[in-house]
Each structure stands twice: as C-alpha cells, then as structure tokens.
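Asker: this one's structure only:
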C-alpha cells in the first residue's frame, strides 16, 4: 500500500504541474469550473494523461481520491 503524503502539492507534482501553493492558487483561479455539470476529469484544460489519472483516482477510490475530491470542490467553488 502506498503510504506517501497525498496533499494538494503532491497531487500537482503527480499531474506534472507547478506545485507550490501560489501556483496552485493561481491554477484554481484561472481554471474555475463555473458549471457543476462539468466533471473534473472532463475539464478541457487537462491533458489526456492528467484526465485519465484523475478519473482512475475517483473510480478506484485510490489513496489520491480525497485530495482529488478537494481539488474538485475548489475548482467548482
């Protein structure tokens, strides 16, 4: 079992995005999903591999799912 820390910072690292707090906040401000009907993994700003990773995390209820859920909430707020 993977017991590493799964924070918002490590999620952004996993997605290949800048992972410092300021960059994460900027990403969220820039990519806000205004419609609840847009599923997180279907947002147009993800690459195919990023969207696949997010989808797999949510479908498999992986160790990453909690922080992916948090990102979903933050992007839809």
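Answerer: Everything's here; your move. Please read all numbers here as calculations on a predicted model, not as lab measurements. Numbers count the residues shown, from 1 in each chain.
Asker: from memory residue 21 sits against residue 27, does it?
Answerer: No - judged on Cβ atoms under 8 Å, residue 21 makes no contact with residue 27 at a distance of 10.7 Å. Using the backbone N, CA and C atoms, a C-beta is placed for each residue, glycine as well.
Asker: Neighbour count: these two, which is higher?
Answerer: residue 27 (19 against 10; other Cβ atoms under 10 Å).
Asker: Could you report the pLDDT at the more buried one?
Answerer: If you check residue 27, the pLDDT there is 98.
Asker: where are the low-confidence patches of the chain?
Answerer: 1-4 (pLDDT under 70).
Asker: Count the neighbours of residue 12 for me.
Answerer: 19.
Asker: Check the one 5 residues further on too.
Answerer: Residue 17 sits with 13 neighbouring residues when counted by other Cβ under 10 Å.
Asker: Roughly how far does the residue lying closest to it once chain neighbours are set aside sit from residue 59?
Answerer: Closest residue in space to residue 17, ignoring its immediate chain neighbours: residue 27 at 6.6 Å, by Cβ to Cβ, 6 or more residues apart in numbering. Residue 27 sits 23 Å away from residue 59, going by Cβ to Cβ, to the nearest Å.
Asker: Can you point out the helix or strand that includes residue 63?
Answerer: Under the criterion of DSSP states H and E, residue 63 resides outside all helices and strands.
Asker: oh, I was asking about residue 13
Answerer: helix 8-14.
Asker: Residue 55 too?
Answerer: helix 48-60.
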